[in-house]
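1. Give me the fold of what follows.
(one chain, ligands or ions: 1)
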Amino acid sequence: MVRSNWQQQLSQAIRDPQVLCERLGLDSDLLAGAQLGHELFEVCVPEAYLAKIAPADLSDPLLLQVLPLGKEASTTPGYVADPLEEADHQPAKGLIHKYANRVLLIASPACAINCRYCFRRHFPYSENSPSRAQWQEALEYLRADPSIHEAILSGGDPLAASDRQLAWLAEQLESIPHLKRLRIHTRLPVVIPDRIDDALLGWLSKSRLQKVVVLHINHANEIDQAVVDACTRLKQAGVTLLNQSVLLKGVNDSVPTLATLSERLFEAGVLPYYLHVLDPVQGAAHFDVPDAVAQALVKELLEHLPGFLMPRLVREVPGKMSKTPL
Ligand code: SF4
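-> Numbering: from 1, shown residues only. I've put the predicted structure just below:
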């Protein structure tokens, strides 16, 4: 099988903490901690993302998102393996139904980058990677419920799946008359912008469904020209582009950083959508920004941005029928 450019980039991603430290000129003292964090959740950083990280700068906001640390092994009260209790909302393999009118399909167990704060870092992906035959059960569930108008492809990162697989899934979804929208939650256009290639745009642009891509960008440094070009190609294919960020200590917990992110997103044709507070997942407590600090940041941010560039500050609370505004 011939691999496309983005698949080659993904297969060549850095998956060894020692290589990551060496490539970025980081102190070898960090290695023992990085190795420990890596054993809990594998490091994964593609070259296109690595190129945006400043060498030898331990406070680089992109590095902080991907460098495994020994403190990920600490236990913190309230921080658990499945903070959103998704296991309770899976009527079929690969399908999560939490909110009215929409369902989430785990279209790929893989990600192109492993974000240290990820709320699915302990997700049992091996139990949620349906084959085509197994997808039928999830698709039957959708067909049988006319209240469902939107299918959200999630993961992992759904765009880590092959275009052949995604085109097949999109076709199945299009054949369900009550489905109106296809939403894709992805970080791949930010991590490997070459993922937005002709093969992807081919099946996406011909879909009858309204298309929304929700990107995941936490810092303006993640948006280089290649990302802007990828966003432009998506828009030309009729996609509405939104962004969700996670508020992360040391990464984006300041008013100038958040304001610059919103401005830069808009320049790339993307509207800020959500600013999530951290989900309390085991191993990520060091990223937490207290609610009062988050609320004060957003209040001040209002003074710096027009309303349409303000992301909504939210928390996902298990069992609630929507995100909870803070
Ligand atoms: S890309 Fe998304 S799902 Fe994948 S590790 Fe990062 S936050 Fe988690």
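
2. can we go C-alpha only for contacts and neighbour counts from here?
-> Noted.

3. residues from the protein in reach of the ligand?
-> 111, 113, 114, 115, 118, 120, 155, 156, 157, 187 (Cα under 6 Å from any ligand atom).

4. can you redo those as a markdown table with neighbour count, pLDDT and secondary structure?
-> Output for the residues of the chain next to the ligand, formatted as a markdown table (neighbours: other Cα atoms under 10 Å; pLDDT from 0 to 100; DSSP: H, G, I helix; E, B strand; the rest coil):
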| residue | neighbour count | pLDDT | secondary structure |
| --- | --- | --- | --- |
| 111 | 20 | 94 | coil |
| 113 | 25 | 97 | coil |
| 114 | 21 | 96 | coil |
| 115 | 23 | 97 | coil |
| 118 | 20 | 94 | coil |
| 120 | 18 | 80 | coil |
| 155 | 26 | 85 | strand |
| 156 | 25 | 88 | coil |
| 157 | 21 | 95 | coil |
| 187 | 24 | 98 | coil |
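
5. possible to save those as a markdown table with distance to residue 218?
-> Formatted as a markdown table, the residues of the chain next to the ligand follow (distance: Cα to Cα, whole Å):
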| residue | distance to residue 218 |
| --- | --- |
| 111 | 16 |
| 113 | 14 |
| 114 | 14 |
| 115 | 11 |
| 118 | 13 |
| 120 | 17 |
| 155 | 18 |
| 156 | 17 |
| 157 | 16 |
| 187 | 10 |
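
6. Could you single out the nearest of those to residue 17?
-> Set against residue 17, the nearest of the residues of the chain next to the ligand by Cα to Cα is residue 114 (12.1 Å).

7. The nearest residue to that closest one once chain neighbours are set aside and residue 95, how far apart?
-> For residue 114, ignoring the flanking residues on the chain, the nearest one in space by Cα to Cα, 6 or more residues apart in numbering is residue 44 at 5.2 Å. Look at residue 44 and residue 95: by Cα to Cα, to the nearest Å, they are 25 Å apart.

8. all helices for this protein, in order.
-> Secondary structure of the chain by DSSP state H: the helices cover 5-11, 17-23, 31-40, 47-50, 63-66, 132-143, 163-174, 188-191, 198-205, 225-236, 255-267, 291-301.

9. out of those, deepest packed?
-> Of those, the one with the most neighbours on average (mean count of other Cα atoms under 10 Å) is helix 188-191, at a mean of 24.

10. So what touches that helix?
-> Outside helix 188-191, the residues within contact range by Cα atoms under 8 Å, 6 or more residues apart in numbering are 46, 48-49, 111-113, 157, 159-160, 195-196, 215-217, 222-223, 227, 230-231.

11. before we move on, what about stretch 163-177?
-> 107, 139, 142-143, 151, 159, 179, 199-200, 203-204, 207-209.

12. cool, and stretch 214-223?
-> Contacts of stretch 214-223 (Cα under 8 Å, 6+ apart): 49, 52, 61-62, 183-187, 189-190, 241-247, 251-252, 257-258, 260-261, 264-265.

13. mind redoing it with 7 Å?
-> Here stretch 214-223 makes contact (Cα atoms under 7 Å, 6 or more residues apart in numbering) with 52, 184-187, 190, 241-246, 252, 260-261, 264.

14. And stretch 74-94, by the same measure?
-> 96-98, 105-106, 119, 122, 128-130, 137-138, 279-283, 285, 317-318.

15. now the residues you listed: which count as buried?
-> By neighbour count, with 16 or more other Cα atoms under 10 Å, the contacts of stretch 74-94 hold 96-98, 105-106, 119, 122, 128-130, 137-138, 279-283, 285 as buried.

16. can you list the weak-confidence ranges in the protein?
-> The model of the chain has pLDDT under 70 over residues 1, 84, 86-87, 123-129.

17. sorry, back to before: with neighbour numbers in mind, choose between residue 44 and residue 95.
-> residue 95 (28 against 24; other Cα atoms under 10 Å).

18. give me the beta-bridge partners of the nearest residue to the more buried one once chain neighbours are set aside?
-> Leaving aside its chain neighbours, residue 95 sits nearest to residue 105 (4.7 Å; criterion: Cα to Cα, 6+ apart). The partner list for residue 105 in beta bridges (DSSP bridges) reads residue 95, residue 153.

19. so how far is the ligand from residue 105?
-> If you measure residue 105 against the ligand using Cα to the nearest ligand atom, to the nearest Å, the figure is 13 Å.

20. Ok, residue 208 next?
-> Taken as Cα to the nearest ligand atom, the span from residue 208 to the ligand is 27 Å.

21. what's near enough to touch that residue?
-> Residue 208 is in contact with residue 174, counting by Cα under 7 Å, 6+ apart.

22. now residue 185, nearest residue through space, not along the chain?
-> Counting by Cα to Cα, 6+ apart, the nearest residue to residue 185 once its immediate chain neighbours are dropped is residue 214, at 4.8 Å.

23. Any idea what the one you found is bridged to?
-> Judged by DSSP bridges, the bridge partners of residue 214 are residue 185, residue 242.
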